[in-house]
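Peer 1: What shape does this take:
(one chain, ligands or ions: 1)
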Amino acid sequence: MSDTNYVGRFAPSPTGPLHFGSLIAALAGYLEARSQGGTWLVRIEDIDPPREVPGSADSILRALEGFGLTWDGTVLYQSKRLDAYRAAVAGLLAAGHAYRCRCTRRVVNQQPGGIYGGQCRSAGVTAGEESSVRVLTNQLPLAFEDALQGQIVQRLELDVGDYVVQRRDRLFAYQLAVTLDDDYQGVTEIVRGCDLLDSTPRQIHLRGLLGLSQPAYAHHLVALDQSGQKLSKGTGAAALAPKGSASVLFQALEVLCQIPPPDLRLEPVSDQLIWAIKNWDISRLQKISSVKLDEDRNVVQTLHDRLAIPQIQPQ
Ligand code: GLU
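Peer 2: Numbering: from 1, shown residues only. Got it, this is the predicted structure:
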């Protein structure tokens, strides 16, 4: 299928059906991969059973198919990767890059800015105690160049603090699983919404500690409703019909600034995708952090201030 070394991916959490916000992420990643003749993978991030909605992994996959967004190979389920996560945590602990922490989330939230101050760094918390595992950070500036948002700099210790790779409830953290799996699947460019921009320096840091190569990043705009809330499962964004819909796909192309010709609205999704792959221009998304949509999904405002985008705080 692939005629380049490009590998992209879409990595939904199965916490609800596909909605318009996640369609945008899937479509942007798909078009970026396919326009380069690359591979596009789908990974179901089912590492947090308490947050999972039964049946949503399948319904997301059926909806992707309905919109013609077909992926390469088989879907990777993170729930099948626990041994790899366990081994990585053990390796980080053994190398002194991580330590056990007995602080609860409530305690951490009470610290200035909710940023963990490293109190357990030298507390000698043992494996038998109820504890999370945190990665040791430092204050050096960690910078990367995002293809759409430009240079991003964080000082991890000050901006996010030592971060969790394994939770107190023993579940593995998003930051760990996503980093290991993007590497495991050979992903060369991570295309996802700006709401995950804050997480990227942690993933780059973790790759450094684990000796993994660094991919490229492109964080695209996120869709907001009229009140400025991100369209998400959490804010009750409507589920998209699993059979897909030409007019909804057309709207997604418009939101992604691709200026599809009006006649295309009535064409089947397969024809819309052919046009979109041929005409895909990711540079149209440069420096846009979000768009506000009205109830009919028309863009009513385009925003450039990425700091105004509420960041997901994946566990
Ligand atoms: N699973 C995450 C989500 O659904 C996305 C992870 C990613 O793209 O890095 O929000």
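
Peer 1: Report whether the longest helix along the chain contacts the ligand.
Peer 2: For the chain, the longest helix by residue count, based on DSSP state H, is helix 20-34. No - using C-beta under 6 Å from any ligand atom, we find that helix 20-34 stays clear of the ligand, coming within 7.1 Å at best. To be clear about C-beta, it is placed using only N, CA and C from the backbone, and glycine gets the same treatment.

Peer 1: That helix - what's its average pLDDT?
Peer 2: Mean per-residue pLDDT for helix 20-34: 97.

Peer 1: Which strands or helices does that helix pack on?
Peer 2: Helices and strands touching helix 20-34, by 3 or more C-beta pairs under 8 Å, 6 or more residues apart in numbering; DSSP states H and E, are strand 7-10, strand 39-44, helix 56-66, strand 189-193, strand 216-220, strand 222-224, helix 246-255, helix 269-279.

Peer 1: what residues does the fifth one touch?
Peer 2: What that stands for is strand 216-220. For strand 216-220, the external contacting residues (C-beta atoms under 8 Å, 6 or more residues apart in numbering) are 24-25, 28, 32, 144, 146-149, 188-194, 196-197, 200, 256, 282, 285, 288.

Peer 1: about what we covered before: need the helices and strands packed on helix 20-34 in JSON lines with mean neighbour count and distance to the ligand, can you?
Peer 2: Below are these laid out as JSON lines (neighbours: other C-beta atoms under 10 Å; distance: least, C-beta to the nearest ligand atom, whole Å):
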{"stretch": "strand 7-10", "mean neighbour count": "24", "distance to the ligand": "7"}
{"stretch": "strand 39-44", "mean neighbour count": "23", "distance to the ligand": "8"}
{"stretch": "helix 56-66", "mean neighbour count": "19", "distance to the ligand": "10"}
{"stretch": "strand 189-193", "mean neighbour count": "22", "distance to the ligand": "4"}
{"stretch": "strand 216-220", "mean neighbour count": "21", "distance to the ligand": "10"}
{"stretch": "strand 222-224", "mean neighbour count": "25", "distance to the ligand": "11"}
{"stretch": "helix 246-255", "mean neighbour count": "20", "distance to the ligand": "17"}
{"stretch": "helix 269-279", "mean neighbour count": "17", "distance to the ligand": "20"}
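
Peer 1: Kindly report the residues of the stretch 1-150 of the chain close to the ligand.
Peer 2: A11, P12, S13, E45.
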